[in-house]
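> Need the 3D shape of this:
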Amino acid sequence: MNNQRKEKMAIIYTISLVVVIAILVISIIKTNSYNATVHQSTFTKSSLFTTEASESEDVAINAVPRDTTWSKTFDLNNEGLTEHNFEAFTYDFSINNNTNDQVDSLSFKMTLSTDVFLAQAWNGALEIHQFRDGEEITDTIPDLREYNPDDYKIETVTVDDESFVIMKAGDYFRYIPSSSANAMEVPIEPYEGTTPGFIIYVGIDKTMEESTLELEYTFNRLYTSEPLYWISIIGAAVWFIALIIAAITSAQIKKYQVRHERDNKIISESIETFTGFIDAKDEYTNGHSKRVAQYTKLIAKEMGYEGEELDRVYYIALLHDCGKIGVPDNILGKPGKLTDEEFQVIKSHTIRGGEILSSFKSLENAGEGALYHHERYDGKGYPEGRAGEDIPFIARMICVADSFDAMNSNRVYRNKLAKDHIINEIESNKGRQFDPKVADVMLRLIRNNKIVIKGK
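Okay, the predicted model is just below:
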């Protein structure tokens, strides 16, 4: 895995992690916001005084009166009333949680449509609101069963030694459920409920069914109940698994690269050792094969080759003169002009090199460099007289690199050429000996000092 790919993957993983964290934070914020919201519902008439609680509301309440059992006479104006004019009802206010969330807190406000007298209420506290002569009187009674009227300022009445809170039409009370260990009216678990009770005296032939109840409540939603939370958890799990896979893959690739580099080193050293035998046949060409391979690799890289393909170019160029292994030393090192027969022997090194490398199957097209590097772009080369694009591209690159090294090296028959002379030779042979595009690349490498010519 190259550095660019590693950087790209690091960016992708970082962005993915940021997205996952953002979703998690959003889910937490959304849940906290939901839990902080005070929800309200209003119930009256048939929606309140019914035996069947609504299931369409998140939190529903219904008031079911039990049968009346007793009655009393309330004579607030001292009119001498003797007949019972109010009857007692026990009201069970059933509160049902119809959601997957826990009801954390709740209260309800009951605004009365008729005059009543509060006798008892169990478990929770009552916040009483009475309106008298344009003023509001308010008191909170923790437990109406233990109510002592002398301790409060609200209006009360005593009948038959029993104290009652006077509630006129328009007055209201707020019920605050108890969270004590004995009552445990709140919190309310999902799909469960609680039932506070009241004993209320209602006028005979009167009804409370026009009264209005306003329910307020908050939820304690767990983070695990928020879909975005699970999306973030699944996203984090996928991210973590992907990271593990990437780490394993990266380790495998690194292991492969180490092995590949080791194998390449073995191959390179083996080939260089072999070509060293060839170059050692002539002290003037010692190191020639390796230099040509390096120049060819630079040309190939400049023309877009990379990775393993660049290594292949290097090895093929390194082996371009392997056919010289069969050329007699006296011909290779002859200082004078070669005879026609000797020149034919020299030329045969291309064919011999192609034959030697024909069995080198692990290096694709290994023999192309050896066989065709003396072909000319104008078709006047050897051994087959190929021209232009018909010459394998690897051979066209080696041709330029090989000629450059020949001009830039001392030979038995001459000293190396000056830089300007070399440049002029390459320029003048574009389209003749050399592929013009490859020649231009070589000239650019020389002029940009990527290939350095020492001396003049």
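
> how about the helices of the stretch 1-150 of the chain, start to end?
3-36 (DSSP state H, counting those that start in this stretch).

> Pop the domain breakdown of this protein in here.
1-36+226-263, 38-223, 280-447 (automatic domain parsing).

> Tell me which of those domains sits nearest to Thr273.
With respect to Thr273, and counting by Cβ to Cβ, the nearest of the domains of the chain is domain 280-447 at 10.6 Å. In short, each C-beta sits where N, CA and C put it, glycine included.

> before we move on, back to that, need the winner for burial among the domains of the chain.
Across these, averaging neighbours per residue (mean count of other Cβ atoms under 10 Å) puts domain 280-447 on top, at a mean of 18.

> Same list, the domains of the chain, but as CSV with mean pLDDT and distance to Ile453 please.
Shown next, in CSV, are the domains of the chain (pLDDT from 0 to 100; distance: least, Cβ to Cβ, whole Å):
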stretch, mean pLDDT, distance to Ile453
domain 1-36+226-263, 88, 31
domain 38-223, 93, 72
domain 280-447, 88, 4
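
> From Ile26, how far off is the residue lying closest to Ser27 once chain neighbours are set aside?
With Cβ to Cβ, 6 or more residues apart in numbering as the criterion, Ser27 has its nearest non-adjacent residue at 3.7 Å, and that residue is Leu228. Distance, Leu228 to Ile26, using Cβ to Cβ, to the nearest Å: 6 Å.

> any idea which helix is longest in the chain?
helix 227-279 (DSSP state H).

> What angle do helix 3-36 and that helix make with each other?
Comparing the axes of helix 227-279 and helix 3-36 via axes from the mean of the first three to the mean of the last three Cα atoms, to 10 degrees yields an angle of 170 degrees.

> Which one, of the domains of the chain, ends up nearest to Glu272?
Going by Cβ to Cβ, the one of those nearest Glu272 is domain 280-447, 6.2 Å.

> Tell me the strands beside the longest strand along the chain, with direction?
Ranked by number of residues, the top strand in the chain under DSSP state E is strand 86-97. Strand pairing for strand 86-97, determined by DSSP bridges: strand 59-65 (antiparallel), strand 71-72 (antiparallel), strand 193-194 (antiparallel), strand 197-203 (antiparallel).

> Could I get the CA-only coordinates of the first one as PDB?
Included here for strand 59-65 are C-alpha records, laid out as PDB according to Å, rounded to 0.1, in the frame of the first residue of the first chain:
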ATOM      1  CA  VAL A  59     -49.800   8.800  28.600                       C
ATOM      2  CA  ALA A  60     -53.600   8.500  29.200                       C
ATOM      3  CA  ILE A  61     -55.800   9.100  32.300                       C
ATOM      4  CA  ASN A  62     -59.300   8.200  33.000                       C
ATOM      5  CA  ALA A  63     -61.500   8.700  36.100                       C
ATOM      6  CA  VAL A  64     -63.700   5.900  37.200                       C
ATOM      7  CA  PRO A  65     -66.200   6.600  40.100                       C
END
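
> quick one: it to chain centroid distance?
Averaged C-alpha coordinates place strand 59-65 at 48 Å from its chain's average position (Cα atoms, centre = their mean, to the nearest Å).

> List the contacts of whatever helix or strand Ala395 lives in.
Assessed by DSSP states H and E, Ala395 sits inside helix 393-407. Contacts of helix 393-407 with the rest of the structure, by Cβ atoms under 8 Å, 6 or more residues apart in numbering, involve 288, 291-293, 295-296, 299-300, 303, 313, 316-317, 320, 365, 368-369, 371-377, 391, 416-417, 421-422, 425-426, 429, 433-435, 438-439, 442, 451.

> now do 7 Å
288, 291-292, 295-296, 299-300, 313, 316-317, 320, 365, 368-369, 372-373, 375, 416-417, 422, 425, 433-435, 438-439, 442 (Cβ atoms under 7 Å, 6 or more residues apart in numbering).

> hang on, the earlier thing: Glu146 is nearest to which of the strands paired with strand 86-97?
Closest of the strands paired with strand 86-97 to Glu146 is strand 197-203, at 14.1 Å (criterion: Cβ to Cβ).

> so after that closest one, what's the next helix or strand?
Immediately after strand 197-203, counting by DSSP H and E, sits strand 212-220.

> Describe which strands that next one pairs with in its sheet and in which direction.
Strands that pair with strand 212-220, judged by DSSP bridges, come out as strand 39-44 (antiparallel), strand 102-111 (antiparallel).

> Might you calculate how far the shortest one sits from the centre of the chain?
The one in question is strand 39-44. Relative to the chain's own centre, strand 39-44 is displaced by 43 Å; criterion: Cα atoms, centre = their mean.

> can you check stretch 118-135 too?
Stretch 118-135 has its C-alpha centroid displaced from the chain centroid by 57 Å (Cα atoms, centre = their mean).
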